[in-house]
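Novice: have a look; sequence and predicted model below, questions after that.
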Amino acid sequence: MSVESSSEKKPALRPLPSVEMALLPNELRARRTKRLVVSGVVGAVVLGFAFVWLIRSVLPETWAWVEATFDPNDKAAALAMAPTDGTVTATADGGVEKEPSPEERLALERSRPNARYETLFGGVPSFRGALLNAGLEAEECNQIEQALQHIVDFRRCRPEHRLVVERDENGALKHFEYHPSATEFVEVSRGEDGLFRAEQIRIKVERDAVARAASVQTSIGDGLMEIGLPAGLAAFFTEAFEGRINFPIQARKGDVFRVIVDEERVDGEFLRYGRLHALEYDGQRTGNAQAFYYEAPNVPGQFYDDTGRAMQGGWLRTPLRYDRLSSRFNPRRFHPILKRMMPHLGIDYAASTGTPVWAAADGRVKFAGRKGPSGNLVTIRHTGGFESHYAHLHRIKGGIRPGTFVKQRELIGFVGSTGRSTGPHLHFGLKKYSRYIDPNTELNGPGIRMAARDLPAFKEVVAQRKTQLSSIADAPELIAGVDEPLVEQVDEIMD
Ligand SMILES: [Zn+2]
């Protein structure tokens with residue numbers, strides 16, 4: 001924690017109350033009692049669930065009996081305890097009671113001949129529960145469950161999933177559908193031999209690449225939302241332009257962006273936004289940058305510039321999701337606490353304690369442990385004479401030790417404030433042939449060029465996308481000369 005290092009320099013202050021402060025005896029007692037009660041309740045609940053699960057999996061018949069006995073409304077299940085084939089008609093004819101409850105009326109309705117209806121999975125704990133709610137008899141439930149057991153993962157059922165039931169002219173179950181999403185469903189039908197068989201059906205999704213534009217006022221995410229797109233697409237801007245644009249520093253109010261994104265529809269109805277095909281950012285400080293998504297044969301899809309060079313190089317420029325940049329590489333920095341010139345040989349990324357830190361590239365761990373002012377430090381050796389440093393970590397991930405091979409974007413530790421640091425941040429340093437260099441200028445090397453044989457097809461796509469980007473109706477114009485950064489500059493964190 002940050003207190004230990006800074007307290008040496010500052011006069012002794014009364015500590016602020018924190019989670020680590022000693023508790024009074026009565027507080028201790030109260031806390032112990034609370035813990036005892038909570039663990040008791042949790043234990044009882046867990047035991048209860050375990051018991052129910054045991055009965056259901058080991059003795060399914062007993063469970064069916066329990067359900068039938070303890071749910072007086074569920075006439076269908078109770079009736080089905082007599083395993084005859086005539087149960088369906090028996091229920092259909094069973095409407096002799098004077099005043100059926102709404103549930104009974106519904107069950108009756110659902111067992112009528114030629115009925116076709118739809119129900120939601122709902123808040124039931126099991127697939128069987130949803131089937132019973134949909135008005136199926138216990139025997140029908142067994143058949144459906146059996147037909148689906150290797151196709152549907154019952155643990156993934158959600159309350160909003162839909163069930164469709166269809167009966168024949170005798171009221172017998174003929175057809176059943178389970179719809180876990182808008183794009184696929186499972187169909188169960190009774191065959192000639194009377195057995196139910198399941199088949200997975202994929203629904204055709206229509207895709208239309210639409211082009212949209214917006215002006216940036218507070219953030220790209222807000223700009224996206226303003227034109228009805230999900231704010232999450234902003235991550236594609238940071239990732240696609242990682243080597244060209246440093247958004248937290250270079251973005252300005254009045255910048256403009258354009259996107260081409262797939263609008264997905266099922267039966268003409270809007271479903272969601274899918275793949276991004278093109279991105280364009282036009283800013284005062286950034287200039288104009290474009291990126292085009294392309295899947296060349298046998299190459300994973302990625303963003304390229306218009307000449308066919310991959311947007312991303314071999315390095316992660318930012319080895320974490322950070323809140324803001326708090327200190328840049330500066331070989332001539334004056335340190336306000338140490339009161340002397342102290343070069344800052346890395347980049348500081350402010351982020352909350354516990355934020356995951358990733359390896360910036362493939363490599364072998366050279367050092368992992370505590371090291372003076374660096375606090376918890378991980379050093380990774382890469383090819384090409386590079387070495388990356390990750391300092392002040394709250395915790396190093398288990399298994400990360402000298403000699404371990406790590407892949408790019410593999411989790412190596414968590415942001416903290418260990419060592420000489422005044423707040424949680426990651427100090428990211430880079431060495432080339434044992435000399436510290438500025439990661440920002442070094443890591444943005446150009447990506448790999450697309451194979452020449454793929455270029456003609458790619459260029460055709462790019463020309464088409466460019467036309468689409470430049471012909472967006474009522475696209476906002478870039479407002480130049482405002483030069484107002486999007487985010488306020490905050491106090492520097494020192495290390
Ligand atoms: Zn630093």
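Specialist: Received the coordinates, thanks.

Novice: going by C-alpha atoms from here, please, whenever you check contacts or count neighbours.
Specialist: Noted.

Novice: how about whichever strand or helix holds R29: buried residues?
Specialist: Here R29 is covered by helix 25-58, with elements defined by DSSP states H and E. When burial is assessed from 16 or more other Cα atoms under 10 Å, helix 25-58 yields no buried residues.

Novice: next one: stretch 407-417
Specialist: 409, 411-417.

Novice: in this structure, which residue sits closest to the ion?
Specialist: With Cα to the ion as the measure, H427 is the residue of the chain nearest to the ion, at 4.2 Å.

Novice: just the CA atoms of the helix or strand hosting that residue, as PDB, please.
Specialist: According to DSSP H and E, H427 maps onto strand 425-432. Provided in PDB are the C-alpha atoms of strand 425-432 (Å, rounded to 0.1, in the frame of the first residue of the first chain):
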ATOM      1  CA  HIS A 425      -0.900   2.900 -11.200                       C
ATOM      2  CA  LEU A 426       1.100   0.700 -13.500                       C
ATOM      3  CA  HIS A 427       4.600   1.800 -14.400                       C
ATOM      4  CA  PHE A 428       5.300   0.300 -17.800                       C
ATOM      5  CA  GLY A 429       8.900   0.400 -18.900                       C
ATOM      6  CA  LEU A 430      10.700  -0.900 -22.000                       C
ATOM      7  CA  LYS A 431      14.300  -1.700 -22.600                       C
ATOM      8  CA  LYS A 432      16.000  -2.400 -25.900                       C
END
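
Novice: show residues contacting it.
Specialist: Around strand 425-432, the neighbours that count as contacts under Cα atoms under 8 Å, 6 or more residues apart in numbering are 345-353, 384-393, 415-417, 436-439, 493.

Novice: recalculate using a threshold of 6 Å.
Specialist: 346-351, 385-391, 415, 436-437, 439 (Cα atoms under 6 Å, 6 or more residues apart in numbering).

Novice: and the residues you listed, which of them are in strands?
Specialist: 347-350, 386-391, 436-437 (DSSP state E).

Novice: please list which of the residues you listed are also close to the ion.
Specialist: D348 (Cα under 5 Å from the ion).

Novice: which of the ones in strands among the contacts of strand 425-432 has the largest number of neighbours?
Specialist: A391 (33 neighbours; other Cα atoms under 10 Å).

Novice: what's around the closest residue in space to that one that isn't next to it in sequence, how many residues?
Specialist: Nearest non-adjacent residue to A391, counting by Cα to Cα, 6 or more residues apart in numbering: L377, 4.5 Å away. Look at L377: counted by other Cα under 10 Å, it has 24 neighbours.

Novice: quick check on L377: phi, psi?
Specialist: L377 has phi and psi values of phi -130, psi 140 when expressed as degrees, to the nearest 10.

Novice: could you list the low-pLDDT ranges of the chain?
Specialist: 1-25, 52, 55, 58-98, 313-314, 443-446, 487-492 (pLDDT under 70).

Novice: buried residues of stretch 337-345, list them for me.
Specialist: 344-345.

Novice: got the end-to-end distance for that stretch?
Specialist: Start to finish, the residues bounding stretch 337-345 are 17 Å apart (Cα to Cα, to the nearest Å).

Novice: the ion contacts on the protein?
Specialist: 348, 427.

Novice: if we use 8 Å, what do you get?
Specialist: 327-328, 344-348, 391, 426-429, 494-495 (Cα under 8 Å from the ion).

Novice: and the closest residue to the residue of the chain closest to the ion other than its chain neighbours, how far from H425?
Specialist: Excluding its sequence neighbours, the residue lying closest to H427 (Cα to Cα, 6+ apart) is D348, at 4.5 Å. D348 sits 6 Å away from H425, going by Cα to Cα.
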